[in-house]
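# give me coordinates for this.
(chains A, B and C)
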Amino acid sequence: MPELPEVETIRRGLKDFILHKKIVGIDVLCEKSFIGAPILGTVKNLRRFGKALVIDLDNDKSLMIHLRMTGQLIYDGKERYAAGHPSDNFTDSLPNKQTRVIIKFEDGTLYFNDQRKFGFIKVIDTLEVENDDFIKKLAKEPWTMTPEEFYEKLQKHKTSPIKATILDQTIICGLGNIYADEALFKSKIHPATKSGQITKEEAKALLESAREVMDRSIASGGSTMATYVKADGTKGDYLEKFAQVFRREGQPCPRCKTKLEKIRIAGRGTHICPNCQRRKDD
DNA sequence: CTAGGATCCTGTCAGC
DNA sequence: TGCTGACAGGATCCTA
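Coordinates of the predicted model:
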């Protein structure tokens, strides 16, 4: 579920609670959700690689966390900070039925919840993080990739629909189902367009759109998933305020008022304006 | 090498 | 009410 902006939101938010804090215990409730032997240590740094969060400890070990579709991280101390898969139970008593791993700090507890068990926490040597099988394959993020580079990559996947191509983290890193749909809408490209049919101008526009939709989401604290449960409570609200097409089928297109549609591309639910995003003749 | 579909797992919702 | 199939903000594995 969480895409790059959500994981970045989690990284920034969690930092305030666990940086320089000591892990005093780890309980693994679901074996599948924790790879390696639980370890203790003090948090030295929080990094993000695409959709993966890495917590570096002061003993040359790191915890790599990938939330996949339904992962959540909920810090419960004097205040509660929750981010990840959206749900109503951010304020539930914890642990709950979906709690897979409990990381205990001196002054609080970090719960890793994950309904579908696709996500995981993995112990890695800090020096080996960038050699991890998942992390080493990640492509550049839209902010560091040039339009020329992006265009060239598309030429290697000529027959595959553009949406499938930009969801591939080894081609361009960070987009998931929400921001892929939003970026394609913004640049007026039909998601089924063969990647080889995308012009240089379109590639440039798509890359810029990807940056813009994700920048905007990060600035607003992710898409309805980050919640500060505290006095000055703020809440991520990208979907509510800024999403133009995602989960808005049936509603009028914000640009032309045509009814938005939901279709299926590359096995994923896909949201489009059939008027703004025209298919090219193949 | 690429492309497409099945698969991991739990839960919810629409339709009968 | 109970059952069934489809689907879900991700990524990998298997096959052609």
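# contacts, neighbours, all on C-alpha from now
Noted.
# contacts only, for A:Ile74.
A:Arg80, A:Tyr81, A:Ala82, A:Ala83, A:Phe90, A:Leu110, A:Tyr111, A:Phe112, A:Asn113 (CA atoms under 8 Å, 6 or more residues apart in numbering).
# does the nearest residue to it once chain neighbours are set aside count as helix, strand or coil?
The spatial neighbour of A:Ile74 that comes closest, neighbours along the chain excluded (CA to CA, 6 or more residues apart in numbering), is A:Ala82 at 4.2 Å. Classification of A:Ala82 using DSSP: H, G, I helix; E, B strand; the rest coil returns strand.
# number of residues surrounding A:Ala82?
Using other CA atoms under 10 Å, A:Ala82 has 25 other residues around it.
# surely it meets A:Tyr75?
Yes - counting by CA atoms under 8 Å, A:Ala82 does reach A:Tyr75; the two are 6.2 Å apart.
# domain parsing of chain A, as residue ranges.
A:4-134, A:147-272 (automatic domain parsing).
# how about stretch A:135-142, does it get close to DNA strand C?
No - Stretch A:135-142 does not reach DNA strand C (CA under 7 Å from any atom of the strand); its nearest approach is 7.8 Å.
# next, the buried residues of that stretch.
A:Ile135, A:Leu138, A:Ala139, A:Lys140, A:Glu141, A:Pro142 (16 or more other CA atoms under 10 Å).
# and for stretch A:192-199?
Applying 16+ other CA under 10 Å to stretch A:192-199 flags A:Ala192, A:Thr193, A:Lys194, A:Ser195, A:Gly196, A:Gln197, A:Ile198 as buried.
# confirm A:Asp16 sits in a strand?
No - looking at A:Asp16 with three-state DSSP, it is helix, so not inside a strand.
# since we're on it, how many residues are nearby?
A:Asp16: 10 neighbours (other CA under 10 Å).
# same thing with A:Arg255?
11.
# host element of it?
A:Arg255 is part of no helix or strand, with elements assigned from DSSP states H and E.
# before we move on, what about A:Glu201?
Here A:Glu201 is assigned to helix A:200-219, by DSSP H and E.
# does DNA strand C sit close to that helix?
No - against DNA strand C, helix A:200-219 shows no contacts by CA under 7 Å from any atom of the strand, the least distance being 9.5 Å.
# backbone dihedrals for the residue nearest to A:Val245 when sequence neighbours are not counted, please?
Of all residues not flanking A:Val245 in the chain, A:His271 sits nearest, at 5.7 Å (CA to CA, 6+ apart). Backbone torsions of A:His271, given as degrees, to the nearest 10, read phi -110, psi 130.
# my guess is A:His271 contacts A:Phe246. True?
Yes - with contact defined as CA under 8 Å, A:His271 counts as touching A:Phe246 (5.7 Å).
# follow-up on the earlier one: of the buried residues of stretch A:135-142, closest to DNA strand B?
Proximity of these to DNA strand B (CA to the nearest atom of the strand) peaks at A:Ala139, which lies at 12.6 Å.
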